[in-house]
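**Student:** Pasting a predicted model and its sequence here:
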Amino acid sequence: MQDLKITLVQTPLFWKNSGANLAMIEEKLWQMKDQSDLIILPEMFTTGFSMDAAELAEPMNLTTFKWMKQMAAQKKAVITGSVIIKEGDKFYNRLIWMEPEGSYDVYDKRHLFRMAGEDNVYTAGTKKLIKEIKGWKIFPLVCYDLRFPVFSRNKENEYDLLIYVANWPAARNVAWKTLLRARAIENISYVAGVNRIGTDGKDLEYSGDSAVIGPVGEYIEEFHDHEEVKTITLKAEHLNAFRQKFPAHLDADSFELEL
């Protein structure tokens, strides 16, 4: 493993306006001064968190997909975030993992937020996705997945960095901050949580609180409620040294999760 540079994009979003969001985020990415290996965007970064899937969904290989492909190539970095995708008669809150050379993979949000009716509109995913950059195994998840530790259980250190892309309201930011740290501690892993800021079309406020947390549970970087794009270097030596010193994973309970 080499040290890994990740970029968190904490931004407000234009409500249900894909063109405006893509233009705004593109401008932010072009203003980046640091080279990055991985650029992380929020959940539903083209629309905000909306249940109007029939109105907003795109098929794969259309506008947002092509934009991600172009930006990943130009920035020479993996770009990831979730968007509303339609396949057949189904809608997905789908995280797209776009590589600089144009290959890609996807993760469909497993845990759908029933309190907003997400489970009535979208289809839940059935597969995990673990990707690799510079020797790092990276496990991306989406928002409400954060509340379900069994799904993110790091069996035998199968990943080194856990990512959550989110539209997590300010009213529940204590849970957001607490659970991000808990996931890092229990999984002996780096954790990066990328949340939006601002107010959406339903007058929900978002306080951001994006963060990068180390395997001991320490804050490597902590955002607050302001707009920011920041690149953080994750140290492989720090992770490996702590895992050797404190190999709690060797005492973990063995189980298989049915998806």
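**Tutor:** Thanks, I have the structure now.
**Student:** from here on, contacts and neighbour counts on C-alpha atoms
**Tutor:** OK.
**Student:** Spatially central residue for this protein, please.
**Tutor:** V165 (2.8 Å; CA atoms, centre = their mean).
**Student:** what ranges of this protein fall below the confidence cut-off?
**Tutor:** Scanning the chain with the threshold set as pLDDT under 70 gives no residue ranges.
**Student:** For E205, which residues count as its bridge partners?
**Tutor:** Note on E205: beta-bridge partners T199, judged by DSSP bridges.
**Student:** for it, what are its contacts?
**Tutor:** 169-171, 197-199 (CA atoms under 8 Å, 6 or more residues apart in numbering).
**Student:** Now with 6 Å, please.
**Tutor:** Contact analysis of E205 by CA atoms under 6 Å, 6 or more residues apart in numbering lists 169-170, 198-199.
**Student:** For V121, state which of the residues you listed is nearest.
**Tutor:** Nearest to V121 among the contacts of E205 is P169, at 19.8 Å by CA to CA.
**Student:** so what's the closest one closest to, chain neighbours aside?
**Tutor:** Y206 (4.6 Å; CA to CA, 6 or more residues apart in numbering).
**Student:** ok, now how distant is that neighbour from I6?
**Tutor:** 22 Å (CA to CA, to the nearest Å).
**Student:** just G117 next, same as before
**Tutor:** Applying CA to CA, the value for G117 to I6 is 32 Å.
**Student:** go on, Y92?
**Tutor:** 26 Å.
**Student:** and the residue nearest to the centre of the chain, that's in a strand?
**Tutor:** Yes. The assignment for V165 is a strand, going by DSSP: H, G, I helix; E, B strand; the rest coil.
**Student:** Contact partners for it?
**Tutor:** V165 touches 42-43, 142-143, 194, counting by CA under 6 Å, 6+ apart.
**Student:** So which of these belong to strands?
**Tutor:** With strands taken from DSSP state E, the overlap with the contacts of V165 comprises 142, 194.
**Student:** nearest to K75, of the contacts of V165?
**Tutor:** Distances from K75 to the contacts of V165, taken as CA to CA, are shortest for P42 (17.9 Å).
**Student:** Any idea how many residues pack against that closest one?
**Tutor:** Neighbour count for P42, taken as other CA atoms under 10 Å: 33.
**Student:** How about it: what's its closest non-neighbour residue?
**Tutor:** Leaving aside its sequence neighbours, P42 sits nearest to V165 (CA to CA, 6+ apart; 4.8 Å).
**Student:** Check E132 too.
**Tutor:** Among residues not flanking E132 along the chain, I138 sits closest, at 5.9 Å (CA to CA, 6+ apart).
**Student:** Around that neighbour, how many other residues sit close by?
**Tutor:** 20.
**Student:** Ok, L204 next?
**Tutor:** 13.
**Student:** and if you look at the one 3 residues further on?
**Tutor:** Here the neighbour count serves as a burial measure; for S207 (other CA under 10 Å) it reads 24.
**Student:** That one reaches F223, doesn't it?
**Tutor:** No. Contact between S207 and F223 fails when scored by CA atoms under 6 Å: they sit 9.5 Å apart.
**Student:** Export stretch 100-111 to PDB, keeping only CA atoms.
**Tutor:** Output of stretch 100-111 as PDB, limited to C-alpha atoms (Å, rounded to 0.1, in the frame of the first residue of the first chain):
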ATOM      1  CA  PRO A 100      -9.700   7.400 -15.000                       C
ATOM      2  CA  GLU A 101      -9.400   5.000 -17.900                       C
ATOM      3  CA  GLY A 102     -13.200   4.700 -18.300                       C
ATOM      4  CA  SER A 103     -13.900   1.400 -16.600                       C
ATOM      5  CA  TYR A 104     -16.600   1.600 -13.900                       C
ATOM      6  CA  ASP A 105     -18.500  -0.400 -11.300                       C
ATOM      7  CA  VAL A 106     -21.600   0.300  -9.300                       C
ATOM      8  CA  TYR A 107     -23.100  -0.200  -5.800                       C
ATOM      9  CA  ASP A 108     -26.900   0.100  -5.300                       C
ATOM     10  CA  LYS A 109     -27.800   1.400  -1.900                       C
ATOM     11  CA  ARG A 110     -28.700  -1.600   0.300                       C
ATOM     12  CA  HIS A 111     -30.600   0.100   3.200                       C
END
